[in-house]
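Undergrad: build me a model from this:
(2 chains)
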Amino acid sequence: MTNLRTLLAALCLCAVGLLPVPSFAATELVLWHAYRAEEKAALEKVVAEYNKANEAKGVKVTTLAVPYDAYADKISATVPRGKGPDLFIFAQDRLGGWIEAGNTVEPIDFFLDDATKKRFIPTTMDAMVYRGTTYGLPLNYKVITLIYNKKLVPTPPKTSGELVTMAKKLSDAKAGRFGLAYAYGDFYYHAAVMNGFGGGVFDAKTTPTMNSPANVKSVEQVLKWKKDGILPAEPSSALITSLFNEGKAAMVFSGPWFVGEVAKGVDYGFARLPTLDENKGTPMKPWMTVEGVYVAAPSKNKEAAYDFAKFLTDVGAGKTLALEGRQSPANNAVYADPKVTADPLLKAMKDQVDVAIPMPNVPEMSMVWTPATSAMNSVLKNTATPKAALDVAQKSVAKDVAGLRTKK
Amino acid sequence: MSQNAPQQSPSAAGTVRASPNHDATAPSDPGPSGRSGGGNWGRVLVGLALALGLSLLLAHGLLVRAQADRGAERAQRKSVVALLGLTDLVQRAGGTGDAVGAVVAGWPRPQGGAARVIAFSGIKLEASTFPEDTGDKAAPRRLSREEKPLYDRGQRLRAAVETNSEEGGARKSEVESETLPSGGRLLSAPVQVDGQVVGSVEWFTPVLTEADPISWGPALLAFLLPLAACAGAVFALSRQGARVAVAAVLFAAGLGGYTVYSLRTLDAELRETEEAVSAELRTRGETAQKLMAAHGLDAEPALKPGAWDADAMRRPLGQLTDAGVPDAGKLAERGARVRGDAGKALGALGVLGLAVLLFIGMGALHRTVATAVEFRQAYAYVAPAMVGMVLLVFFPFAYGITLSFTDANLYNSSQPLSELWIGLKNYTDILGDFSFAKTAADGSLVFNYLNFYYTLLFTILWTVTNVTIGVTVGLLLALALNVPNLRLRPIYRVLLILPWAMPNYITALIWKGMFHQQFGVVNHVIRMFGGEGLAWFDSPLTAFFTALATNGWLSFPFMMVVSLGALQSIPGELYEAARVDGANRWQQFTAITLPALKPALVPAIILSVVWTFNMFNIIFLVTGGDPGGSTEILVTQAYKFAFERYRHGYAAAYSTVIFGILLIYSMVQNRMSRATEAA
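TA: A predicted model of the protein is given here:
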C-alpha cells in the first residue's frame, strides 16, 4: 500500500505543477522576433528607449529572439492557444495563413488612424492588408535590386536594351565571364521580370494566373537572355556570389542579403532594376517582402501592444533600425534624414521599392512555389516550351487551390 | 499487495496462456454469484434491466437533446428573421442617417432584447437600443476603444461577404451568432449598400427556452412493463436460452415503443417550429411595410420577407413558401430526414442494448469479472501503460483515420469534422489516379512526381537499395572485424559505430553540405581529378544518389553490430570440421556463416525496411524532394500535403495508406519469418 501512497503523492505533486503561475507586473508586453547581430541590437535599443519613456505608465516590453527556422511554426502553435507573445515581427508571406487559421493576428483597423497609415510607403502598407482588413504595421522591407561591379560597369544600365549590349561586351562564356548573373531559375527572382511584363501569379480574386500571356512572355525573355550568352547556366546563389567576387559577373540582381557575401576588395554599387524595352519601357518590378509588427489576437494588452507597434514603426525608431541595424524601414519619413540616404544600400532599397510590389500574402501562395520552380526548371533545361511548362504549373496550382476551397 | 499470491500460484503460473482453460472451469466453480444449481434467472432479469435501463436512459437523453436543439433552432431562426428584416430596412435607409435610428427604434424587440447598427465610415455606432447606450453614450457616436470587438466583427462579416462573392462560393459565414456569457444570443449581419458592405447590424436576444420539457413517464413505462413481463416469463420457463430470447423480445418491444413515442414528439415539435417562424415572419413583414411607409424608405425592390428565414450564408432556407406559410412538401421531407436520423440512432442503441443483454444473460459478464478479479494484479500493472497507449497512440491514431474521411484544410479547421465528411473521396483521389507517367512529344517518358504510384515506386526503390547497401556493407565490415587476432579491434569498432551514434539530422545536414555544388567536398574531389562538379540536386538520379549515400552511411553500423554479434557466436569447431572436409572459404561462408547469421539478420532487415520506408529526416533534410518532388518518399509527400498545401484531410488519408502498406508488409513478413523459424 505504500506504493499506492507514493503514487498518489506523486500525482498530487504533478497536479500542483500544472497550476497556473500567477503573473505580476503592471503591463508586460512580450515581443518575438528573429533578428540576429546588429539588427537585434538596434531593435533592443529601440525597445529600451520605449521602456524608459513608459516607465511611469508601468508598461514594459521584453523581447525574445526566436531562431528563424522554428519561428513560423512556433507562432502557429503557441499564439492561437494564448501561450504566445503580445506582439511579433514576421514577413507578410505567412499572414494570410494565420488569419485563415484564426485567433492569431489581431485586426488593427480600429486603432489605425489615417495619419499613421500615411507615414508608410504605400506598398508596404498594402502588404499588411488581407481581404480589406489591416493586420499589422510595416516595419522593414527587403527587395532585390541591381548590384554592379563599378570597375566593370562605370554607369549602370537604365533599360534592358542597354543591359543586354553592355552585358554582351562583358560576357565570355569560355572564360566563365558573364555580364549578368542572377538566380533566374528561382521563381522569387524571376518575379521581377514577370511583374515587369504585367504578369503575376494570382488575379484580383486570388485565382491562379500562372499561364497568363504576360507570364509566358516574361519566361521567353529570360530564355532569350540565356541564349544571348549573358547569363551563366544553373545559377545557384553560391555560384553567383563567387562569380561576382571573382569579378566574373559584372551585374547581379539580388537583395540586401547579398551585400554581406561580397568580398572586401570588390567595389560595387546599386541601381534600380532596368526598364523593359520589350514591354514599352515598363520597369522591372521585384517582389518585396515586408516585415510587419503584428498584435497577437489572444493578447491581454492589445491597446498597449498597438501603442508599442506604433512607436516601433515611427520615425525615431526607424532611424535607429536603419542606421544601426542597416535595415530598410517602411516609414517614409526616415529617408528624409541625409544620414540614412548616405548609406548606399538603404538608398538603393528606397529607390527600388517605389516600383516593387508586395509578394502576395494569401495562403494560396505556398502552393505556387513547387510548381513554379518545376516550370522554370523544365523551360531552362529545354524540356518544355514556356507556354507548355506554365500550363502544367497552372493546372497544378489551380488544382491545389480548388482543393483548399471546397464549397458548401 | 502480494498476500493472495500463494493461493493463486497454480493458476498464476500460467497466467497468460491459461485463460481459455480458466473459462471452461468457471461454471463448475461455485462462486458467490454463480447460481449454477437453480438456473440463472437473476442474470436474465439483471441483464434486461440494465440493457433496457441504459438504452432508455440514452434514448431519453437523445430526445431531450433533440428537443433542445429544436428549441434552439426555433429561437435562432426567429432571431435571424428579426436580424435580417432589420438589416433589410437599414439597407433601404442607406446604412446611415436618422432613418436608421428610427427604424431600429421602431423594430419590435422581445423582452430584454436590443439592436444596434455599426457604420464603418468614421467607426461609428449609428443607432442602438442597448440600455448602456443612453445619455452621453447615446448613438450616433464614435465607438469607444472597449468596443473594438464590435467593429472587428463587422469587418469580419465584410471580409466574408467579399470572399464568398470573389470565390463564387459560400465558404465563410455572413451571419455570425454567438452565445454571450450572460446566456443571451448575439447575432450580426452585414449591411450592404450598392454592393459595398458599409456596416453591420447586431441583434441581441436574452436566453429563451422554448422547448417543452420531456416528461419521464413514457420512459418509465417502457422500462417497467417489459421488466414485469420478463419476471413472470423467467419463472415460467426453465431453459436459459428461452429466457434470454424472451428477454430480448421484451427489450425490443420496450425500446421500440419508446422510439415510436419520441418520433411523434419530434414531428410535432418540428411542425410547431415552422409555424412559430412563419408567424414571426408575417408579423415582422407587416411591421416592415409600416416602417417603410412611415419613414419614406426605398420601396424598390419589393420587400421579400421569405428571404429573411436564411442560413449563416444568408441563403434562404426555403422551408416557408413566399407567402410565409410552412411548405407542406418541405416539411414532410425534413420530418422524414429527422425521423431517419433518430431511427438510426435508436437502432444503434437497440443493437448496443441487445449486446449488453446477451453479454449479461449468457454469463459472459460473470466470467469477465471473475477473470479480472483473479488477475487483478496483472491488470493493475498493465493499466498505466494502457492509459498511456490510449492517450498517446490510439487516440491520435483514431483521430488521424477519422480526419482522412474529411475534407479538413486550413480554411475550415474551425468546423466540426462531421460537417466536412466526404467519405472515401480522399482515398479514391489518391489510389484512383494512375497518371503517373506520360510520353512527351519527343518520345521520352515524363513522370508525374505528385502521383501516388510514382512516389510509392520511388519509396520501394529507396527502401530496397538502402537495405541492400546497409546489409552488404555492414556484413562485409563485420566479417573484416571478425578476423581472429585483429589488432586495435575496439578502436575500429568504435569508429565504425560512430555514424550511428550521431543524431541523424546532423549527419544529414553535413552530407547535404558535402554535395553542395560550389563548396561541397564531393565536387572538390571531382575537380581535383580534373572533372566538372555536378549540380547534385538538379536531376532526380543524382539527387537520389545523395540521399542514398547519406542513408547508407547511417544504416551500415546497425547491420554491422548485429552481424558481428551473430558471427562471434558461431562455434569455431564448425569451420574446423569444414576445413577437414575440404571446404574452401566461399563454401564455408555459404554453408556455415550465412545460415548461422540468418536468425539475427532477418529481424534486423525487417526492422530496417520499416525504418527506411519512413526515413523522413534524410529525404526532408538532404534533397527536400528536389528537383520538383521527384525524390519525395511517401511520408515526406504526406508532410507536404499537410503543411505546404494545407490539405489536412488528404494528408491524413495519405498517411493511412502508408500505414496500410506497412501493415500488409509486416503481416506478410511475420508469416514468412515464422516459416523461417519453423524451418
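Undergrad: how far away is B:E286 from chain A?
TA: 33 Å (Cβ to the nearest Cβ, to the nearest Å). In this view, the C-beta of every residue, glycine as well, is placed from N, C-alpha and C.
Undergrad: dihedrals phi and psi, that residue?
TA: Torsion angles at B:E286 (phi, psi; degrees, to the nearest 10) stand at phi -70, psi -40.
Undergrad: burial measure for it, as a count.
TA: By the measure other Cβ atoms under 10 Å in any protein chain shown, the count of residues near B:E286 is 11.
Undergrad: who's in contact with it?
TA: If a contact means Cβ atoms under 8 Å, 6 or more residues apart in numbering or on different chains, then B:E286 has no contacts.
Undergrad: how far away is it from B:T273?
TA: 21 Å (Cβ to Cβ, to the nearest Å).
Undergrad: next one: A:A348
TA: From A:A348 to B:T273 the distance is 68 Å (Cβ to Cβ).
Undergrad: ditto for B:F405
TA: On the measure of Cβ to Cβ, B:F405 and B:T273 end up 31 Å apart.
Undergrad: with neighbour numbers in mind, choose between those two.
TA: B:T273 (23 against 20).
Undergrad: could you check the pLDDT of that one?
TA: We have a pLDDT of 85 for B:T273.
Undergrad: who's the closest spatial neighbour of it, skipping the chain neighbours?
TA: Distances taken as Cβ to Cβ, 6 or more residues apart in numbering or on different chains put B:R74 closest to B:T273, at 4.4 Å, once the chain neighbours are dropped.
Undergrad: three-state assignment of that neighbour?
TA: Classification of B:R74 by DSSP: H, G, I helix; E, B strand; the rest coil places it in helix.
Undergrad: check the burial of it by counting its neighbours.
TA: Neighbours of B:R74 using other Cβ under 10 Å come to 22.
Undergrad: tell me which residue in the stretch 551-679 of chain B sits closest to chain A.
TA: In the stretch 551-679 of chain B, the residue found nearest to chain A is B:G628; the distance is 3.8 Å by Cβ to the nearest Cβ.
Undergrad: does that residue sit in a helix, a strand or a coil?
TA: Going by three-state DSSP: B:G628 is coil.
Undergrad: tell me where the model's unsure across the stretch 301-450 of chain B.
TA: The model of the stretch 301-450 of chain B has pLDDT under 70 over residues B:322-324, B:440-444.
Undergrad: quick one: the helices in it?
TA: Assigned by DSSP state H, counting those that start in this stretch, the helices in the stretch 301-450 of chain B fall at B:328-361, B:364-374, B:376-389, B:395-403, B:425-431.
Undergrad: in a markdown table, list these along with mean neighbour count and distance to chain A.
TA: Output for those, formatted as a markdown table (neighbours: other Cβ atoms under 10 Å in any protein chain shown; distance: least, Cβ to the nearest Cβ, whole Å):
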| stretch | mean neighbour count | distance to chain A |
| --- | --- | --- |
| helix B:328-361 | 16 | 18 |
| helix B:364-374 | 15 | 18 |
| helix B:376-389 | 12 | 9 |
| helix B:395-403 | 14 | 15 |
| helix B:425-431 | 16 | 9 |
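Undergrad: check for me that A:F270 belongs to a strand.
TA: Yes - per three-state DSSP, A:F270 lies within a strand segment.
Undergrad: assign the closest residue to it other than its chain neighbours to helix, strand or coil.
TA: Counting by Cβ to Cβ, 6+ apart, A:F270 lies nearest to A:A348, which is 3.1 Å off, once chain neighbours are set aside. When classified by three-state DSSP, A:A348 comes out as helix.
Undergrad: and the pLDDT for A:A348?
TA: 92.
Undergrad: centroid-wise, who is the farthest residue in chain B?
TA: What lies farthest from the middle of chain B is B:V580; by Cα atoms, centre = their mean that is 65.9 Å.
Undergrad: count of neighbours near the residue nearest to A:F270?
TA: 21.
Undergrad: ok, it - contacts?
TA: So A:A348 contacts A:T145, A:F270, A:A271, A:R272 (Cβ under 8 Å, 6+ apart).
Undergrad: burial of the third one, as a residue count?
TA: Burial measure for A:A271: 18 neighbouring residues, criterion other Cβ under 10 Å.
Undergrad: try the second one
TA: A:F270: 19 surrounding residues under other Cβ under 10 Å.
Undergrad: hey, C-alpha coordinates of stretch B:230-249 in PDB?
TA: What follows is stretch B:230-249, C-alpha atoms only, in PDB (Å, rounded to 0.1, in the frame of the first residue of the first chain):
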ATOM      1  CA  CYS B 230     -40.000 -10.700 -18.100                       C
ATOM      2  CA  ALA B 231     -40.100 -11.500 -14.400                       C
ATOM      3  CA  GLY B 232     -43.200 -13.600 -15.000                       C
ATOM      4  CA  ALA B 233     -41.800 -15.400 -18.000                       C
ATOM      5  CA  VAL B 234     -38.500 -16.200 -16.300                       C
ATOM      6  CA  PHE B 235     -40.200 -18.200 -13.600                       C
ATOM      7  CA  ALA B 236     -42.400 -19.900 -16.100                       C
ATOM      8  CA  LEU B 237     -39.600 -21.000 -18.400                       C
ATOM      9  CA  SER B 238     -36.700 -23.300 -17.300                       C
ATOM     10  CA  ARG B 239     -34.300 -23.200 -20.200                       C
ATOM     11  CA  GLN B 240     -31.700 -20.400 -20.100                       C
ATOM     12  CA  GLY B 241     -31.800 -19.900 -23.900                       C
ATOM     13  CA  ALA B 242     -35.600 -19.400 -23.900                       C
ATOM     14  CA  ARG B 243     -35.400 -17.000 -21.100                       C
ATOM     15  CA  VAL B 244     -32.800 -14.900 -22.900                       C
ATOM     16  CA  ALA B 245     -34.900 -15.000 -26.100                       C
ATOM     17  CA  VAL B 246     -38.000 -13.700 -24.200                       C
ATOM     18  CA  ALA B 247     -35.900 -11.000 -22.600                       C
ATOM     19  CA  ALA B 248     -34.600 -10.000 -26.000                       C
ATOM     20  CA  VAL B 249     -38.100  -9.700 -27.400                       C
END
